[in-house]
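**Student:** Kindly return the folded structure for what I paste below:
(one chain, ligands or ions: 1)
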Amino acid sequence: MKFDILTLFPGMFSGPFSESIIKRAAEDGLIDIRLHDIRDYATDRHKTADDAPYGGGAGMVMKVEPLAACIEAVRVERCNIRVILTTPRGRRFDQSLAAELAKEEALLIICGRYEGVDERVRELFVDDEVSIGDFVMTGGELAAMVIVDAVSRLIPGVLGSADSSASDSFSDGLLEYPHYTRPAEFRGSGVPEVLLSGNHREIAQWRRRQALQRTLATRPDLLAAARLSEKEREYLEELAKGRRS
Ligand code: SAH
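**Tutor:** Now for the predicted structure:
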């Protein structure tokens, strides 16, 4: 999987991409992340990448020419590339979009700054506008890191074992069950008996029920679309009744 990131601040990426799983994935050749400094594609003497908005108002707008030149330079090398613009106006990034993007060969991610980018960038070059949530940040760099991270861990081989993302939160529409590791007791707080039982069927059932309970408690909106059996729906009804009474 190839990522090309267009930014005015390439230095921001060195920490997150040079540690742990993402670093190893790059070393193993499973992902290839390239950073492009948009300013290198500005052609005037001062390397101007932004300008005042037509129509007036506060803030600056990122100019179309340097971005166009940079996108076109990347496209020469990557034929099937999906172009993503980070913006609070975009489709909300979630696990299903991460899974969709993980199937691509190459992604180009544009990091906006200031008031955002000239609308013609979107018109002429962008396939998807993506937002990482309903809040506004100072730039798209953190959004790009979030996207690269969440997409990369879905690429086969990036996580240690093949199935370690299969039970993650959201993968089946539910939040994940709680985890415990040694010690068996900490400050008077123990580990649920069933997890020490060695009974895999019971452990699986306990985990599933915990996932249902957690989702009902904090993200009931997820339940409508979750893949659930008849029995599980009944269990949820019971839980919901219990919480109401
Ligand atoms: N004026 C814009 C906000 C610009 S914020 C508006 O009101 O919509 C500057 C840049 O930060 C954006 O161009 C975008 O690249 C990035 N950004 C800010 N919040 C974001 C979010 N929630 N998701 C993705 N990118 C975001």
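
**Student:** Quick check: phi and psi on the residue in the chain that the ligand sits nearest to?
**Tutor:** Going by C-beta to the nearest ligand atom, the ligand is nearest to residue 112 of the chain, at 2.1 Å. Where you see a C-beta, it was placed from the backbone N, CA and C, and this is true even at glycine. Reported as degrees, to the nearest 10, the phi and psi values for residue 112 are phi -80, psi 160.

**Student:** Relative to residue 186, how far out is it?
**Tutor:** Distance of residue 112 to residue 186, computed by C-beta to C-beta, to the nearest Å: 45 Å.

**Student:** The two: which is more packed in?
**Tutor:** Between residue 112 and residue 186, counting by other C-beta atoms under 10 Å, residue 112 is the more crowded of the two (24 against 10).

**Student:** what sits against the more buried one?
**Tutor:** For residue 112, the contact set (C-beta atoms under 8 Å, 6 or more residues apart in numbering) comprises 62, 85-87, 139-140.

**Student:** Which members of these define the maximum pairwise distance?
**Tutor:** Taking C-beta to C-beta, the two most distant members of the contacts of residue 112 are 85 and 139; they sit 12.7 Å apart.

**Student:** which one of the two has more residues nearby?
**Tutor:** Neighbour tally, residue 85 and residue 139, criterion other C-beta under 10 Å: the higher count belongs to residue 85, 26 against 17.

**Student:** and the helix or strand encompassing that one, anywhere near the ligand?
**Tutor:** Taking DSSP states H and E as the criterion, residue 85 maps to strand 81-92. Yes: using C-beta under 6 Å from any ligand atom, we find that strand 81-92 touches the ligand at 86-89.

**Student:** As JSON lines, those residues with neighbour count and distance to residue 102 would be great.
**Tutor:** Shown next, in JSON lines, are the residues of strand 81-92 next to the ligand (neighbours: other C-beta atoms under 10 Å; distance: C-beta to C-beta, whole Å):
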{"residue": "86", "neighbour count": "27", "distance to residue 102": "18"}
{"residue": "87", "neighbour count": "20", "distance to residue 102": "21"}
{"residue": "88", "neighbour count": "18", "distance to residue 102": "23"}
{"residue": "89", "neighbour count": "10", "distance to residue 102": "23"}
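
**Student:** Distance of residue 130 relative to residue 70?
**Tutor:** Counting by C-beta to C-beta, the gap from residue 130 to residue 70 is 18 Å.

**Student:** With residue 89 instead?
**Tutor:** From residue 89 across to residue 70, the span is 21 Å (C-beta to C-beta).

**Student:** swap in residue 230?
**Tutor:** Distance from residue 230 to residue 70, by C-beta to C-beta: 53 Å.
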